[in-house]
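Structure for this input, please:
(chains A and B)
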Amino acid sequence: MDTQEKIRSQVTSNPVVLYMKGSPKFPQCGFSGLAIQILQACGVKDLVAIDVLADPAIRDGIKVYANWPTIPQLYINGEFIGGSDIMRSMYEQGELQKLIETAN
Amino acid sequence: MLSANELKAYITSGLACEHIEVLGNDGQHFEAVVVSSAFFGKSMVQQHQLVYQALGDRMRSEIHALSMRTFTPEAWANSGKRI
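Residues are numbered from 1 along each chain as shown, chains lettered A, B, ... in the order given. As a prediction, the model looks like this:
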């Protein structure tokens, strides 16, 4: 399976997927840490976190997949939602909580 | 070292902006507010993609961390024009 196929499979077979640097317990970048905090504040139950630092092919491939040059990247029900700025904005407007609820 | 003013120039050379503010003085971490009528009718993801597109390969090389908020001129006026 090539990298793009692998990513497609990851985001479509799990309700909430976050591509991040490091792990939820030990994020290796401030933006990834913020993304995890926001998801936890939204009450996410079934989060699949993928550490791009552990897989260079995914780290490059995910930027192509969503035409998005930065990490973290959040996917809900297979759809690209955004990076940490968009997550924060949607959280402040109460929109992300609703999306997470539909995925929980 | 990349300055906030250089970053601002990179963005405006690729995207017509009604208003732009870029903060950050460590050469690595920047915060931007970008107001452009090109954002009209676009999702937040598409708006950020337009800024990334203006920055091109610089996002992969020079720019380590960029946090941004994007507004149409209308949304910016309604926001009270505050960062």
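
And the residue nearest the centre of chain B?
Central residue of chain B (Cα atoms, centre = their mean): residue B:34, 4.3 Å from the mean position.

Tell me if that one really is in a strand.
Yes - assessed by DSSP: H, G, I helix; E, B strand; the rest coil, residue B:34 belongs to a strand.

buried stuff in stretch B:41-49?
Buried residues in stretch B:41-49, counting neighbours by 16 or more other Cβ atoms under 10 Å in any protein chain shown, are found at B:44, B:45, B:47, B:48, B:49. C-betas here are computed from N, CA, C, even on glycine.

Now the phi/psi pair for the residue nearest to the second one when sequence neighbours are not counted, please.
Same thing as residue B:45. The spatially closest residue to residue B:45, leaving aside those adjacent along the chain, is residue A:82, at 5.3 Å (Cβ to Cβ, 6 or more residues apart in numbering or on different chains). For residue A:82, the backbone dihedrals are phi 150, psi -170 (criterion: degrees, to the nearest 10).

so residue A:82 touches residue A:90, yeah?
Yes - contact between residue A:82 and residue A:90 holds when scored by Cβ atoms under 8 Å: they sit 7.3 Å apart.

which residues do those two both contact?
Overlap of the contact sets of residue A:82 and residue A:90 (by Cβ atoms under 8 Å, 6 or more residues apart in numbering or on different chains) consists of residue B:44.
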